[in-house]
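1. kindly generate the corresponding structure for this input.
(one chain, ligands or ions: 1)
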Amino acid sequence: MSVSETTSNVDQTPRHPIRLVANRTGLTVDLIRAWEKRYHVVDPARSETQRRLYSDYDIERLRLIRIAKQAGRRLNDVASLPLVSLRAVVSEESRFQGAIEPALTREVSWTQSTHTLDQSDLVDRLLYSIAMMDQLRFDQLLQQALVDLSLPDFLEQALAPLLAEIGEATRRGQLRIAHEHMATAHLRTFLGALRFREVFTGSEPKIVITTPTGQLHELGALMIAALVSIDGWQPIYLGPNTPADEIIAAVKQSGAKAVSLSLTYPADDPRIPLELTRLRAQLSDDVALFVGGSAMLGHQELIQRLGLQTATTLDGFRASLMQSRTSLR
Ligand code: B12
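-> Residues are numbered from 1 along each chain as shown. Next comes the predicted model:
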């Protein structure tokens with residue numbers, strides 16, 4: 001055993017049965033036994049009844065060796081490496097493997113170090129909980145992040161990059177459609193609840209928030225709905241895919257002073273210019289019309305021509321919204 005092995009801070013008390021080890025490492029019981037016999041990857045203790053007993057240290061070794069093997073390493077080459085070298089191998093591989101493996105390695109070290117969230121790899125840990133289909137953990141991480149971060153930082157630094165990573169990982173086949181659906185279904189309710197976290201008196205100016213006809217991605221709009229509440233606006237969230245005439249009706253009935261539209265996909269839907277033009281023409285001049293989202297970029301000329309308000313960052317959006325509020329007085 002090398003020096004780094006003896007100084008490793010991972011608990012070496014033998015206490016876990018092989019089934020638990022299989023669950024935690026993603027290996028089958030048979031494979032664990034075979035790796036022990038053939039490659040001596042771990043050397044479990046025995047209980048009084050001769051059952052194998054593994055430590056946290058064994059579990060971490062097995063998890064890291066599994067990742068290294070998946071990345072293409074030969075078991076013979078990694079089986080006897082000390083923990084510190086295994087971590088180095090896996091972290092080297094993770095730079096080439098994309099989102100999921102770094103999440104896995106960081107989760108391993110996180111579980112053993114501290115339970116305080118470290119913002120720098122929050123996105124990876126969220127991603128990891130999704131990859132493990134662990135909705136409870138996903139929710140806990142989101143709740144904790146909201147304690148650690150302001151709402152704007154939570155949205156911009158955690159959620160927006162997380163959604164981009166989910167999109168990429170799904171496209172690359174590292175996450176399944178089911179993972180993406182689990183995450184977005186959860187975020188819909190999670191973000192939805194944030195809209196009413198602030199105390200409202202009922203006298204706040206109102207803003208109608210939605211996405212236009214054909215735009216089914218709604219998380220951007222939900223992020224906006226959560227955000228405006230902290231600046232003293234009362235959000236009226238219509239859900240996605242709302243025709244211009246219905247948005248107009250909602251504004252008239254509620255007396256809203258602003259509308260926010262999120263465009264995500266598809267960017268080239270010919271209905272977008274028609275709906276935006278109709279909205280601007282039918283809404284009274286004192287109703288501010290905001291447009292944002294990743295698919296907005298292709299419509300700059302139209303946005304300028306119609307005099308719509310826009311922003312590329314959430315901070316920029318808040319600043320413009322603040323201005324609209326001042327002009328209401
Ligand atoms: C969640 C998701 C889904 C969910 C949507 C669930 C739901 N109820 O919303 C589901 C699984 C249903 C889905 C389906 C599809 N999706 Co999808 N999806 C995503 C994902 C992962 C997140 C989308 C999201 O909500 N983004 C919203 C926010 C976070 O991003 P944003 O628009 O950039 O907004 C930011 C700012 O602009 C700002 N903002 C937002 N609104 C506003 C408004 C104002 C006024 C302002 C100022 C700012 C602002 O706030 C945000 C944070 O900074 C993205 C990945 C990604 N990179 O976004 C893919 C993604 C958008 N989807 C994509 C695709 C291709 C699809 C499908 C065609 C997949 C398929 N083969 O079926 C379908 C199409 C469905 C349809 N007909 O529209 C592609 C689009 C590619 C493209 N641009 O051409 C993406 C980019 C994934 C990818 N990398 O390929 N998807």
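2. quick one: low-confidence ranges for the stretch 201-329 of the chain?
-> 328-329 (pLDDT under 70).
3. who in it is up against the ligand?
-> Residues of the stretch 201-329 of the chain lying close to the ligand by C-beta under 6 Å from any ligand atom are 216-221, 223-224, 260, 262, 264-265, 290-294, 310-311, 314, 317. Just so you know, the C-beta spots here come from the backbone N, C-alpha and C atoms, and that holds for glycine as well.
4. hmm, who's touching stretch 22-41?
-> With C-beta atoms under 8 Å, 6 or more residues apart in numbering as the test, stretch 22-41 has contacts from 16, 18-19, 21, 42-44, 59, 61-63, 65-66, 75-76, 79-80.
5. mind checking the end-to-end distance for it?
-> 14 Å (C-alpha to C-alpha, to the nearest Å).
6. what residues does stretch 155-168 touch?
-> 98-99, 119, 122-123, 126-127, 130, 145, 149, 175, 179-180, 183-184, 187, 191, 219, 223, 226-227, 313-315.
7. show me which of the residues you listed are buried.
-> 99, 122-123, 126-127, 130, 145, 149, 175, 179-180, 183, 187, 191, 219, 223, 226-227, 314 (16 or more other C-beta atoms under 10 Å).
8. and the residues of the stretch 201-329 of the chain next to the ligand, which are buried?
-> The neighbour-count test (16+ other C-beta under 10 Å) marks 217-221, 223-224, 260, 262, 264, 290-294, 310-311, 314, 317 as buried among those.
9. take those and keep only those in helices.
-> L219, G220, A221, M223, I224, L314, F317 (DSSP state H).
10. now render those residues as TSV, adding distance to L238.
-> Converted to TSV, those look like this (distance: C-beta to C-beta, whole Å):
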residue	distance to L238
L219	15
G220	14
A221	9
M223	15
I224	12
L314	20
F317	18
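11. what's the farthest-apart pair in those?
-> When C-beta to C-beta is used, the two most widely separated members of these are L219 and F317, lying 15.3 Å apart.
12. can you name every helix or strand that the host helix or strand of Q253 contacts?
-> Using DSSP states H and E, Q253 sits within helix 244-254. Using 3 or more C-beta pairs under 8 Å, 6 or more residues apart in numbering; DSSP states H and E, the elements in contact with helix 244-254 are strand 206-210, strand 258-262, helix 271-282.
13. could you redo the last one with a cut-off of 7 Å?
-> The contact analysis (3 or more C-beta pairs under 7 Å, 6 or more residues apart in numbering; DSSP states H and E) places helix 244-254 against strand 206-210, helix 271-282.
14. okay, angle between the shortest one and strand 258-262 too, please.
-> Pointing back at strand 206-210 there. Relative orientation of strand 206-210 and strand 258-262, computed by axes from the mean of the first three to the mean of the last three C-alpha atoms, to 10 degrees: 20 degrees.
15. and strand 206-210, which strands flank it?
-> Partner strands for strand 206-210, per DSSP bridges, with pairing direction: strand 234-237 (parallel), strand 258-262 (parallel).
16. if you compare those, which one is most tucked away?
-> Sort the strands paired with strand 206-210 by mean neighbour count, taking mean count of other C-beta atoms under 10 Å, and strand 258-262 sits at the top with a mean of 26.
17. which residues touch it?
-> Applying C-beta atoms under 7 Å, 6 or more residues apart in numbering, the contact partners of strand 258-262 are 207-212, 215, 220-221, 224, 247, 251, 283, 287-293, 321, 324.
18. relative orientation of that strand and helix 271-282 in degrees?
-> 180 degrees.
19. how about the CA coordinates for strand 258-262, as CSV?
-> Extracted in CSV, the C-alpha atoms of strand 258-262 (Å, rounded to 0.1, in the frame of the first residue of the first chain):
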residue,chain,number,x,y,z
ALA,A,258,-45.9,45.0,-19.1
VAL,A,259,-45.7,41.8,-21.1
SER,A,260,-42.7,39.4,-21.2
LEU,A,261,-42.4,36.9,-24.0
SER,A,262,-39.7,34.2,-24.1
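20. show me how far stretch 292-304 is from its chain's centre.
-> 25 Å (C-alpha atoms, centre = their mean, to the nearest Å).
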